[in-house]
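A.B. asks: mind folding the following:
(chains A, B, C and D)
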Protein chains: 2
Amino acid sequence: MTERSRQSDPVEGGRPLRRDAARNRERILHAAREVFCQQGLGVTLDHVARHAKVGVGTVYRRFPTKEALIRALFEQDLRMRQKAAESALAHPDPWQGLVDFLAGTTADIAENRGLYEVLLLGAHTSGPIDAARGDMLPFLEALILRAQASGDLRPEVTPSDIPVIQHMLHAAAQFSQGQQPDVWRRYLEVLLNGLRRRPDDPSLATPSLSNEVVERAMGIVRPE
Amino acid sequence: MTERSRQSDPVEGGRPLRRDAARNRERILHAAREVFCQQGLGVTLDHVARHAKVGVGTVYRRFPTKEALIRALFEQDLRMRQKAAESALAHPDPWQGLVDFLAGTTADIAENRGLYEVLLLGAHTSGPIDAARGDMLPFLEALILRAQASGDLRPEVTPSDIPVIQHMLHAAAQFSQGQQPDVWRRYLEVLLNGLRRRPDDPSLATPSLSNEVVERAMGIVRPE
DNA sequence: AGTAAGTGGAGAAGGTATCTCCAGTTCGGG
DNA sequence: CCCGAACTGGAGATACCTTCTCCACTTACT
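C.D. replies: Numbering: from 1, shown residues only, chains lettered A, B, ... in the order given. Next up is the predicted model:
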């Protein structure tokens, strides 16, 4: 837990919060993280308030809209995902880098429903969060090209396959409803088996989604 | 409402409906089929009424609860799915039988959201529908055993993998949001590639879900 | 001790879904 | 063609949600 203090935790641009107010702000963030992980972004700010043992008014004073709260929470998560993409690209074994990235993302979104909604559905996103999501696409492309160049990945795989696969793995993870939180690994194994290049295999008959469809489905708003 | 009127069931066993009433009943069923396909079972009976160009009261008079309407609609769909399972079992090539079954089910639930919810989520089911769903499990088991006996399917695959795979394919189908309704075939190809037995492959490291977890996730209420 | 900052939670405002009721319309047997 | 029973539409009662505001009270800090 971060050490709160009057000068380091003020709301952007405003004057420092009184000590009790700063403490409540932390409690709200902590509670919001918990309920968003478990229930997703659909929960009301009243729920968050109750869970934080704070009045609704206090939540609304600190975070005027749900978006503000979500942004405060998920900017960091998204940055970590991006770090993961970068280090996957740096992995000495291109195939293993791709595998690590897929497994890491699925592990994250399987245990954090809010992150799933932000990352893959583009729910309640805006400005900086949306930008961070858009910035990941080039990494995915590089990851795939690298794994194809090394001869491990089927050449027909495209970047737009990744979000779909991510969705599929999330569906598998959700299905166990927390009873066997790691089942998705089984289906990742199956998918990877199917994605691995094999000299004698026929290539995939059905084409992948177009980038436009993927972006629309992910709620990515193209600037420019 | 506690006592059933002598005109208990409009179509089976009751006295015949007046001609206009019978026509309206058909319109309601037709409209309900359409909106349930497109929007899922979450739609209100008011929506159904509006779409059928009929007053809400008329809907509620004919189908006292949403369950009654759903049952009237989906019993038939489920029976057709069961027929499909049977003929998949009768296919001369065990592997192709399994493939046909998976493709057929996915095609159905991809274009019929209501069926997806009934079949895979157990939403709003009861009595006969639930029984029909339960009756399919033995078929799945036979389908898998047969494909394993012929040497085409990985021996670690279990019946409980089927619903998960179905969910994953549904997730893939949903993702395209009707833009490329058939993309799921691409991911079915990948999954099948991964499920096909290959002599040199290591076996799957993560175990499949237990039957209890699957049944709970599918909302199957075990009788007895 | 004085006062600005902060608090809780009742409740207003606005939404949605379910289901009932009954004045009026339509059907169809006599 | 007439009349009672069957049937209809849809306004509105009920019973929820959710979002967000307001202000009498409490707390922190000088």
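A.B. asks: got any ranges where chain A has weak pLDDT?
C.D. replies: Counting by pLDDT under 70, chain A contains low-confidence ranges at A:1-14, A:223-224.
A.B. asks: now it against DNA strand C: closest residue?
C.D. replies: Closest residue of chain A to DNA strand C, CB to the nearest atom of the strand: A:Gly57 (1.9 Å). For the C-beta atoms, the positions are set from N, CA and C on the backbone; glycine is no exception.
A.B. asks: downstream neighbour of the helix or strand hosting that residue in the secondary structure list?
C.D. replies: Assigned by DSSP states H and E, A:Gly57 falls within helix A:56-62. On the C-terminal side of helix A:56-62, the nearest following helix or strand under DSSP H and E is helix A:66-90.
A.B. asks: can that following helix be found next to DNA strand C?
C.D. replies: No. Judged by CB under 7 Å from any atom of the strand, helix A:66-90 stays clear of DNA strand C, getting no closer than 14.5 Å.
A.B. asks: how far out from the middle of the chain is that helix?
C.D. replies: Relative to its parent chain, helix A:66-90 has a centroid offset of 7 Å by CA atoms, centre = their mean, to the nearest Å.
A.B. asks: in it, what counts as buried?
C.D. replies: A:66, A:69-74, A:77-78, A:81, A:84-85, A:88-89 (16 or more other CB atoms under 10 Å in any protein chain shown).
A.B. asks: and which of those is nearest to chain B?
C.D. replies: Lowest distance from chain B to the buried residues of helix A:66-90 (CB to the nearest CB) belongs to A:Arg81, with 19.0 Å.
A.B. asks: please enumerate the helices of chain A.
C.D. replies: A:19-39, A:45-52, A:56-62, A:66-90, A:94-111, A:113-116, A:127-149, A:161-175, A:184-195, A:211-217 (DSSP state H).
A.B. asks: surely A:Leu41 touches A:Gly114?
C.D. replies: Yes. Between A:Leu41 and A:Gly114 there is a contact under CB atoms under 8 Å: 5.2 Å.
A.B. asks: so those two - more neighbours on which side?
C.D. replies: Shown here are A:Leu41 and A:Gly114; by other CB atoms under 10 Å in any protein chain shown, A:Gly114 has more neighbours (26 against 23).
A.B. asks: nearest to DNA strand D within chain A, name that residue for me.
C.D. replies: For chain A, CB to the nearest atom of the strand, closest residue to DNA strand D: A:Thr44, 2.8 Å.
A.B. asks: what's the neighbour count on that residue?
C.D. replies: Using other CB under 10 Å, A:Thr44 has 12 other residues around it.
A.B. asks: residues in contact with it?
C.D. replies: Contacts for A:Thr44 (CB atoms under 8 Å, 6 or more residues apart in numbering or on different chains) come out as none.
A.B. asks: so the residue sitting nearest the centre point of chain A versus chain B, what's the distance?
C.D. replies: Against the mean C-alpha coordinate of chain A, by CA atoms, centre = their mean, the closest residue is A:Leu119 at 3.8 Å. Look at A:Leu119 and chain B: by CB to the nearest CB, to the nearest Å, they are 14 Å apart.
A.B. asks: also A:Gln82?
C.D. replies: According to CB to the nearest CB, A:Gln82 and chain B sit 22 Å apart.
A.B. asks: A:Leu115 too?
C.D. replies: Taking CB to the nearest CB, one finds A:Leu115 at 17 Å from chain B.
A.B. asks: wait, what's in contact with that residue?
C.D. replies: So A:Leu115 contacts A:37, A:74, A:77, A:108-109 (CB under 8 Å, 6+ apart).
A.B. asks: rerun that using 10 Å as the cut-off
C.D. replies: By CB atoms under 10 Å, 6 or more residues apart in numbering or on different chains, the residues touching A:Leu115 are A:36-37, A:40-41, A:73-74, A:77-78, A:80-81, A:105, A:108-109.
A.B. asks: quick check: most distant residue from the centroid of chain A.
C.D. replies: Chain A, CA atoms, centre = their mean, max distance from centroid: A:Asp200 (35.9 Å).
A.B. asks: how close does it get to A:Glu34?
C.D. replies: Using CB to CB, to the nearest Å, A:Asp200 is found at 50 Å from A:Glu34.
A.B. asks: now A:Met218: phi and psi?
C.D. replies: Main-chain torsions, A:Met218, degrees, to the nearest 10: phi -90, psi 0.
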